[in-house]
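[1] Attaching a predicted model along with its sequence, questions to come.
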Amino acid sequence: MTASQPPAPLECWWWPRPYQASLPTVLFFPGAGANHAGEQHLVPHLAGVNFGVWRMPGRSTRSEEPPPENLRVLADECASAILGLGCRRPVLAGKSFGGLFGYAVCQALELREFEVGRFIPVVSGHPSLWRMDALYAKTRGHNPRQHALWRLTNDEKRGAWPPKKIADESLLAQARLHAVIDFSLGMQSISRRRIVTPITEVSARDDEVLPKFAPPRRWAPYTKGEFTSILVTGGHYFYWANPQALSTILTHEAEFALSGSFS
């Protein structure tokens, strides 16, 4: 890959095991500023499925690319990368900010008449919550970047971020920068068009990050298809301690999606 060429579709994802087009596929979008570190906990419990975690432009193996500035453009680029994989009815899943991003990618894929097997937002705020946050930023006189930094600073003060202590100050500063970029993207406008893809929403009983006015079933209005809500034990990072809970959901949904059970 050169600076003028987009990466090959396979290079846009972190694959803990070699990709096989014949297998059910789960494509995962991590939380704001995160790489695949949290999702590594899931890998030992994901058998018989492709599992790819999105690599954000401007970071890690894609560091030579410019960082994203527009969520809709990024979603369209990601949709192209998914089409290039050649997978059938993949499950798209996203944690927190990754849920919003995954939803925008699902919209982009549906516009191209590509069938997504299932969309799974995991401990993720629905689009209206992000819109409310954008409005709140305006009332404070903040641009998205300023508001994102303010949010992140508050999360750090109350111990909600980072999920694991980062002793290296340079790594912590880099993590902050990436989180602020992603939070800023989340406050941009996305289409209000509902998806036809069925949704399985996963919420955590003791979520310490999402506000109380974002209860389970918050994603129900965002699909014209089937909707399922699952409440698991734990907090916002529940699958770090209990990866089997989410791995089981992802595996089952991917297997059903590929078989066409949801169509």
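    Thanks, I have it.
[2] so where's the stretch 1-150 of the chain uncertain?
    1-4 (pLDDT under 70).
[3] quick one: the strands in it?
    Counting by DSSP state E, counting those that start in this stretch, the stretch 1-150 of the chain has strands at residues 13-14, 25-29, 50-54, 91-95, 118-122.
[4] Adding distance to Leu171 and mean neighbour count, write the ones you listed out as CSV.
    Glycine gets a C-beta too; all of them are placed from N, C-alpha and C. Shown next, in CSV, are these (distance: least, CB to CB, whole Å; neighbours: other CB atoms under 10 Å):
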stretch, distance to Leu171, mean neighbour count
strand 13-14, 18, 20
strand 25-29, 22, 26
strand 50-54, 19, 25
strand 91-95, 20, 28
strand 118-122, 25, 27
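[5] contacting residues for Glu208?
    160, 235-236 (CB atoms under 8 Å, 6 or more residues apart in numbering).
[6] if we can go back for a sec, distance to Trp150 for the strands of the stretch 1-150 of the chain - can I get that in a markdown table?
    A markdown table is the format used below for these (distance: least, CB to CB, whole Å):
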| stretch | distance to Trp150 |
| --- | --- |
| strand 13-14 | 30 |
| strand 25-29 | 24 |
| strand 50-54 | 26 |
| strand 91-95 | 22 |
| strand 118-122 | 24 |
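[7] For the residue most central in space within the chain, give its distance to His142.
    Central residue of the chain (CA atoms, centre = their mean): Gly98, 1.9 Å from the mean position. Taking CB to CB, to the nearest Å as the measure, Gly98 falls 23 Å from His142.
[8] now do Gln40
    From Gln40 to His142 the distance is 34 Å (CB to CB).
[9] ok, the two, which is more surrounded?
    More crowded of Gln40 and His142, by other CB atoms under 10 Å: His142, with 17 against 14.
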